[in-house]
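Peer 1: compute the structure for the input listed below.
(2 chains)
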Number of protein chains: 2
Amino acid sequence: MKTTFIFFLCCIFWASSSQAQPVPLKWEPVAPGIWKATIGQPDKVDLLGTAGGSPRQEALQKLGERTFPLQPAGCNAEIRDGKVYLRFPLQEEEQLFGLGLQFKTVNRRGQVLNLHMDHYGGNDNGRSHAPVPFYVSSKGYGVLVNSARYITVYAGTGVRVNSEHPPKVYDRNKDADWSAQPYSDVVEMLVPATGTEVYVFAGNSPMEAVQRYNLFNGGGALPPKWGLGFTHRMPTLSTADQVKAEAGAFKEHGFPLDFIGLEPGWQTKAYPCSFEWDKTRFPDPAGFVKEMQAKGIRLNLWLNPYLSPASSLYESAKPLSGSHTVWNGLVPDLTMQPAQNLYKQLFKKQHIDIGVSGYKIDEVDGFDDWLWPDVASFPSGTSAEQMRQLYGVMMQRATTAWFREKGVRTYGLVRASNAGASSFPYVIYNDYYNHRDFITAMCNSSFIGVLWTPEVRASKTAEEWLRRMQSACFSPMAMLNAWADGTKPWSFPEVEKQVKDVALLRMQLFPYLYTTFSQYYLEGKPPVRAMNLVEGFSFQQQSEKTALDGTNNPYQLALRADVKDQFMLGDDLLVAPMFAGETERKVILPRGKWYDFYTGEYVGSGDVIIAKPGLDKIPLYVKDGGIIPMIPPVLHTPAPGEQLALELRHYGEAESTSLVYDDDGESYGYEQGKYMQYRVAAKKDKHGKWQGQVVTENKPGLKPAYKDIKWRFMTQEQK
Amino acid sequence: MKTTFIFFLCCIFWASSSQAQPVPLKWEPVAPGIWKATIGQPDKVDLLGTAGGSPRQEALQKLGERTFPLQPAGCNAEIRDGKVYLRFPLQEEEQLFGLGLQFKTVNRRGQVLNLHMDHYGGNDNGRSHAPVPFYVSSKGYGVLVNSARYITVYAGTGVRVNSEHPPKVYDRNKDADWSAQPYSDVVEMLVPATGTEVYVFAGNSPMEAVQRYNLFNGGGALPPKWGLGFTHRMPTLSTADQVKAEAGAFKEHGFPLDFIGLEPGWQTKAYPCSFEWDKTRFPDPAGFVKEMQAKGIRLNLWLNPYLSPASSLYESAKPLSGSHTVWNGLVPDLTMQPAQNLYKQLFKKQHIDIGVSGYKIDEVDGFDDWLWPDVASFPSGTSAEQMRQLYGVMMQRATTAWFREKGVRTYGLVRASNAGASSFPYVIYNDYYNHRDFITAMCNSSFIGVLWTPEVRASKTAEEWLRRMQSACFSPMAMLNAWADGTKPWSFPEVEKQVKDVALLRMQLFPYLYTTFSQYYLEGKPPVRAMNLVEGFSFQQQSEKTALDGTNNPYQLALRADVKDQFMLGDDLLVAPMFAGETERKVILPRGKWYDFYTGEYVGSGDVIIAKPGLDKIPLYVKDGGIIPMIPPVLHTPAPGEQLALELRHYGEAESTSLVYDDDGESYGYEQGKYMQYRVAAKKDKHGKWQGQVVTENKPGLKPAYKDIKWRFMTQEQK
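Peer 2: The predicted structure is shown next:
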């Protein structure tokens, strides 16, 4: 009788929920400035649970408490027809960012997105390598839906009959102000699941909301030092000897190189994979890895996670795998520990134990017509849809953990990520190859806790080659990917010098880059930052009228301007990439004075300026008081224990202080406080002369990384 | 206790169904050669029920019984997680057609489609103006999923671990035959609903399966005679006087015109609509309509079905409408009779009763960001998704019925259709404007029971203008749509004569066209036919290897050739449109001898020929024995009771018989048998001289439409 009574209750619940009206969400605080609401019966498998990050409580405490940033009465949910419908209010001037790694636009307000793991297909429709269901508002808060489903987001597009802030009614026949997309005062979302968790992140700025989001998920990844050097990927069928020769050629050309990537041919089988070395090309993998490392060069191995029928693991993996294959390969159900263990054993033995430093995890995003279909089933009961949304995250988490067990950090590449994955040391890449859109992706990566690299593969002209290389050197991973084309950094001799210059500049900027990444871990601040995350940057997005064209523009769609071709790298450096065919470009400067990185000259303040850098340079600007720590132009990032001279470049008129981060560069000691921060300060003395101060933090067991610290007052030198 | 027991059973059922394995579908015959299976608990609202067609039993009987065309054991279904998963077998050489009005490809095998009502966005991904979940196999059968949900179809793409016909395993590193898409032996479908019906249609050819499909849905639409003339759409804000002047100009230029379309400005409000005449532009609508009709010109009214806040119906429509607006307009829930009645009253009074002849139903397809969102709810409980899939069909059904009540046929335009709608006299159009892809859409329309027009709007050059006009004149609706550009047929004076020639040729071909459409109604044969529906047409689709390109083709995707730029119009006429910039083209001829339409000359047999038609002509070919009935080059299609001279053109060497259809041209009498068919036969007498015979069927109350019937033996004349 008791059992039937429970059934009875279930049915009552079901009946009432199916006719439910939207009800306000019930928020419970889960960390300072972070709240959670639960609707219905959430799936067993979700985004944050799969990523498994632990909130960085101390850092969150430091950010402090905030009041709930939205009108609670406007945050509603409804369960209808077995699906969750969510509604969040929007104010009039609000802009929205995030919602996946899109490539063409930054502001999401007015867009409809179906957040679906996929390769980027040329439209900002939600299909993306990182379909993260998290948005950040220009009002300084963020909303995350913690569901691994294909969520549809109406980011200020639907207009309800009973809207509290209805749009003005225009008649298209007579009113020039008629718009195909009337004003909407809500974000609405459809989560095709019986329940979900939702999180709200407060902030006094969009950046603070993003920080809370990242810190809640465990903070951002801190790469090993070598990860911030230059990396090159070999042509597919390269042999060990060819790899050694390539490394030699880099040295000969005086070109920096920290790690080399091996593409499919290192394995006996690829597409799908055996994960085992092909002895015809790599007769002595362990020796080879050791020899390379002795030259200061780490190895990264390409793979897709689908198991070849030729693998000795095949039969044991079969019952642990999905119903469908990818290129005839098994798709292990990585939500199950035994499936992970199979790979762990193999990967450790074949790669990690012999000193391989990282992976390039390919083919975990799409395409629909070769990945497992949504009709596939998996032994754990996890749906094909959830597996699609999560596979890249599961691979990141598993591989990161295997390296961690060895006590070393890794830094790799992945084609798919999702919410909660900011702490994984993986950079997203893809096959799409539009330089301008690559920069927009850099901007968008900063809202959603992922990293993105605008890798260089090939170019039509020397100019394009150089411009792409300049961008790559100011990204989370400076990479030349020659897997198909066999290009080298010096493939265009007419720009070889300039390409080398910018690669060496990246090496010089290592202390700045490493410090910037430390902020990702310590404070949740992304290393690359869209301008919309920058304090003092105000860009009121404007819609521009267009002309009616019966063929090309029948609805007279308004054009919206986005700032998507410039970004901040860390706190002080504004990067404004040049694109092939351009000799000048507009740069929008945030409030405050700004200075040319190369010369220290004043360039403007809160203005739109025109940069004409010539072919040699990528425009870089430093904000007033910025202090940029630099080392000499080395070919490898600092090895553990290595000490290098440090130059501290101060820009502008403002007195300032700054931190320069350092640690051992490869272990996880920094998580236990084993790191140091140089406290550097630039001040004018009573005679108006600039003085620099450096206070080195003393941490037991840590050797200072820098010696011969010198100051340069760049703007002062101009005078 | 009884109630709790039922709950108990429900829960058992739920628990067992959620763990279900695929089970073979249970087929019940529903008409000769047609079977149905029901899986789970289908939605209350579905595709066929909404279209409401009655099977044409007699015609189906005539096609006869067939055996079930698939391996029954291979047709499986499974319910998991509240969704239906379907699986159908595929043989090795099988090609698949249908699955929506796509624009770039014809063979669907190897594609993944999410059948989602939308404007066509440039990719054959399932988003389409007619996302019909029906596929036809080259083996001569069809499968329909009768669900108004966003169905995902894996048309021979997914490969199961336990596949009975697994693909060969290749290693991408070494095997040149590695393919990004391995062979798959199944169609799999995901229907996001708790149940669905599935239908299978047998045939001894793809055409016969299509015929059964169309006949089961009530047969194809037979337009009124005037529908097959030329139509022109006015610029948006035209006045009654301007419309009259335009009609006058057509007459002056000797250009045919049967009906004129009025665009948004005929109404007081558009986007959203009032559906009421704007008296400033049309002071006397009834008089105007009458005056135009006296000139032999019918009127078609543009609308979108969203109700303006300015409408007097607004308050009464509000409780009958969805939760969300479209351009501030209400979206009436047309699954509810009271909502339909509101519109019926208004439409009858304002339009139908005063003699308006048809509608152009716009904006019922997409875009996502201005149609009601999927989070919207409707008072009937029908989901937003279902409404999206069905709205165009509901508007077609309702308006067709209102004209039927008056006893007259209509012929109009619609931007959205779906399965089961073949009997509605509506032609799909859109904003996409690629001439070549428009022809591919013509091909694809023939598999799924819809009509499509490659309308002409504007062109960059006179050549393009002429080539587009030539195509439009061999389509279900010969239309110039000048709503935005104000173009006229003679807008390019250098090709005015050629444009007029082809428009008049369409008029001459009226008896052939009308007969062709009668086959759509009587036999279910579509008027426009993809080559793959033509007997004796064999084209083995081949995949062509491509070169690896790290940037543009990293997966070395195979190119597949499709025949998608030529089609049959009716039984005898092969149309091979020319595209701007081309002076010649390949034409693939089906088996048998083929002859040039214009000259009667033999051109080839089962060959690939090269057509070099010059600018004046669109290549047209007639098959051996084809008899093409033609009238003089008139400016209007025949009025009721009008008698015209008839020329019967025979082509080739084969003796043959044919039918020429006629009826009153405007009523529904033909449904009660009030039509006649001229039985025409071409034979050689004993001296080898060609003789033509005509037997006129005598039907009480029907006056023969043709007089002075003359034969021309076109090929004979050549000798």
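Peer 1: stretch A:643-650 - what's its average pLDDT?
Peer 2: Predicted confidence along stretch A:643-650 averages 97 (mean pLDDT).
Peer 1: same question, stretch A:439-448
Peer 2: 98.
Peer 1: quick one: distance of it to the chain centre.
Peer 2: The gap between where stretch A:439-448 is centred and where its chain is centred comes out at 7 Å by Cα atoms, centre = their mean, to the nearest Å.
Peer 1: for it, which outside residues touch it?
Peer 2: Contacts of stretch A:439-448 with the rest of the structure, by Cβ atoms under 8 Å, 6 or more residues apart in numbering or on different chains, involve A:97-106, A:120, A:130, A:132, A:134-136, A:206, A:210, A:419, A:428, A:451-452, A:454, A:471, A:475, A:526, A:528-533, A:562-567, A:577. For the C-beta atoms, the positions are set from N, CA and C on the backbone; glycine is no exception.
Peer 1: among those residues, which ones lie close to chain B?
Peer 2: When contact is defined as Cβ under 8 Å from any Cβ of the partner chain, the contacts of stretch A:439-448 do not meet chain B at all.
Peer 1: just the ones of those residues in strands?
Peer 2: Residues of these located in strands (DSSP state E): A:97-98, A:134-136, A:428, A:451-452, A:528-530, A:567.
Peer 1: would you turn the residues you listed into a markdown table with pLDDT and neighbour count?
Peer 2: What follows is these, written out as a markdown table (pLDDT from 0 to 100; neighbours: other Cβ atoms under 10 Å in any protein chain shown):
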| residue | pLDDT | neighbour count |
| --- | --- | --- |
| A:F97 | 97 | 27 |
| A:G98 | 98 | 30 |
| A:F134 | 98 | 27 |
| A:Y135 | 98 | 26 |
| A:V136 | 98 | 31 |
| A:I428 | 98 | 25 |
| A:L451 | 98 | 31 |
| A:W452 | 98 | 27 |
| A:V528 | 98 | 25 |
| A:R529 | 98 | 25 |
| A:A530 | 97 | 28 |
| A:F567 | 98 | 28 |
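Peer 1: mind putting those residues into TSV with distance to B:L257?
Peer 2: Compiled in TSV, those are given as follows (distance: Cβ to Cβ, whole Å):
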residue	distance to B:L257
A:F97	53
A:G98	54
A:F134	57
A:Y135	53
A:V136	57
A:I428	58
A:L451	63
A:W452	57
A:V528	61
A:R529	62
A:A530	56
A:F567	58
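Peer 1: excluding residues flanking it in the chain, which one is nearest the residue of the stretch 501-650 of chain A found nearest chain B?
Peer 2: Chain B sits closest to A:G550 of the stretch 501-650 of chain A, with a gap of 2.7 Å, by Cβ to the nearest Cβ. Closest residue to A:G550 in three dimensions, ignoring its sequence neighbours and counting by Cβ to Cβ, 6 or more residues apart in numbering or on different chains: B:A484, at 2.7 Å.
Peer 1: show me the strands in the stretch 551-700 of chain A, by range?
Peer 2: Assignment of strands within the stretch 551-700 of chain A using DSSP state E, counting those that start in this stretch yields the ranges A:559-560, A:567-569, A:573-575, A:585-588, A:593-596, A:602-605, A:608-611, A:620-623, A:627-630, A:644-650, A:656-663, A:675-684, A:690-695.
Peer 1: strands along the stretch 51-200 of chain A, start to end?
Peer 2: Counting by DSSP E, counting those that start in this stretch, the strands of the stretch 51-200 of chain A are A:76-80, A:83-89, A:96-98, A:111-117, A:127-128, A:134-137, A:141-145, A:151-155, A:159-160, A:186-191, A:195-202.
Peer 1: so which of the ones you listed comes closest to B:E263?
Peer 2: Shortest distance between B:E263 and those, using Cβ to Cβ, is found for strand A:159-160: 24.4 Å.
Peer 1: return the list of strands paired to that closest one, each annotated with direction.
Peer 2: strand B:324-325 (antiparallel) (DSSP bridges).
Peer 1: what sits against the residue of the stretch 501-650 of chain A closest to chain B?
Peer 2: Applying Cβ under 8 Å, 6+ apart, the residues contacting A:G550 are B:457-458, B:481, B:483-485.
Peer 1: what's near enough to touch the nearest residue to A:D607 once chain neighbours are set aside?
Peer 2: Of all residues not flanking A:D607 in the chain, A:L589 sits nearest, at 5.4 Å (Cβ to Cβ, 6+ apart). Contacts of A:L589 were listed using Cβ under 8 Å, 6+ apart, and they are A:574, A:603-609, A:621.
Peer 1: check A:I588 too.
Peer 2: Contacts were defined as Cβ under 8 Å, 6+ apart; by that measure A:I588 touches A:531, A:537, A:539, A:563, A:566, A:607-608.
Peer 1: next one: A:P256
Peer 2: A:229-230, A:250, A:503-504, A:506-507, A:633-636.
Peer 1: inside helices: which ones of the residues you listed?
Peer 2: Of those, the ones assigned to helices by DSSP state H are A:250, A:503-504, A:506-507.
Peer 1: biggest separation within the residues you listed, which pair?
Peer 2: Across the ones in helices among the contacts of A:P256 (Cβ to Cβ), the longest gap, 14.3 Å, separates A:F250 and A:R506.
Peer 1: what does the stretch 51-200 of chain A have sitting close to chain B?
Peer 2: Counting by Cβ under 8 Å from any Cβ, the stretch 51-200 of chain A comes close to chain B at A:80-82, A:85, A:87, A:110-112, A:121, A:123, A:152, A:154, A:157-162, A:166-167, A:169-173, A:178, A:180-182, A:188-190, A:192.
Peer 1: restricted to buried residues, select those in ChimeraX.
Peer 2: The ChimeraX selection below is limited to those of these classed as buried (16 or more other Cβ atoms under 10 Å in any protein chain shown):
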select /A:80,81,82,85,87,110,111,112,121,152,154,157,158,159,160,161,166,167,169,170,171,172,173,178,181,182,188,189,190,192
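Peer 1: TSV for the contacts of A:P256, including distance to A:S357, pLDDT and neighbour count?
Peer 2: Compiled in TSV, the contacts of A:P256 are given as follows (distance: Cβ to Cβ, whole Å; pLDDT from 0 to 100; neighbours: other Cβ atoms under 10 Å in any protein chain shown):
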residue	distance to A:S357	pLDDT	neighbour count
A:G229	12	98	28
A:F230	14	98	25
A:F250	17	98	22
A:A503	20	98	26
A:L504	22	98	19
A:R506	19	98	24
A:M507	18	98	24
A:P633	23	98	15
A:V634	19	98	16
A:L635	17	98	17
A:H636	13	98	21
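Peer 1: show me the contacts for A:Y668.
Peer 2: The contact partners of A:Y668, taken as Cβ under 8 Å, 6+ apart, are A:404, A:407, A:409.
Peer 1: now do the contacts for the second one.
Peer 2: Contact analysis of A:G407 by Cβ under 8 Å, 6+ apart lists A:667-668.
Peer 1: do the one 10 residues further on as well
Peer 2: When the contact criterion is Cβ under 8 Å, 6+ apart, the partners of A:S417 are A:129-130, A:132, A:392-393, A:396, A:424, A:426, A:428, A:450.
Peer 1: and if we set it to 7 Å?
Peer 2: Contacts of A:S417 were listed using Cβ atoms under 7 Å, 6 or more residues apart in numbering or on different chains, and they are A:129-130, A:392-393, A:396, A:426, A:428, A:450.
Peer 1: by neighbour count, which of those wins?
Peer 2: Counting neighbours by other Cβ atoms under 10 Å in any protein chain shown, the top entry in the contacts of A:S417 is A:Y426, with 32 neighbours.
Peer 1: the closest residue to that one other than its chain neighbours: neighbour count?
Peer 2: By the measure of Cβ to Cβ, 6+ apart, the closest residue to A:Y426 outside its immediate chain neighbours is A:V414, 4.1 Å from it. As a burial measure, A:V414 scores 27 neighbours (other Cβ under 10 Å).
Peer 1: for chain B, state which of the contacts of A:Y668 is nearest.
Peer 2: Ranking the contacts of A:Y668 by separation from chain B, with Cβ to the nearest Cβ as the measure, puts A:R409 on top at 29.3 Å.
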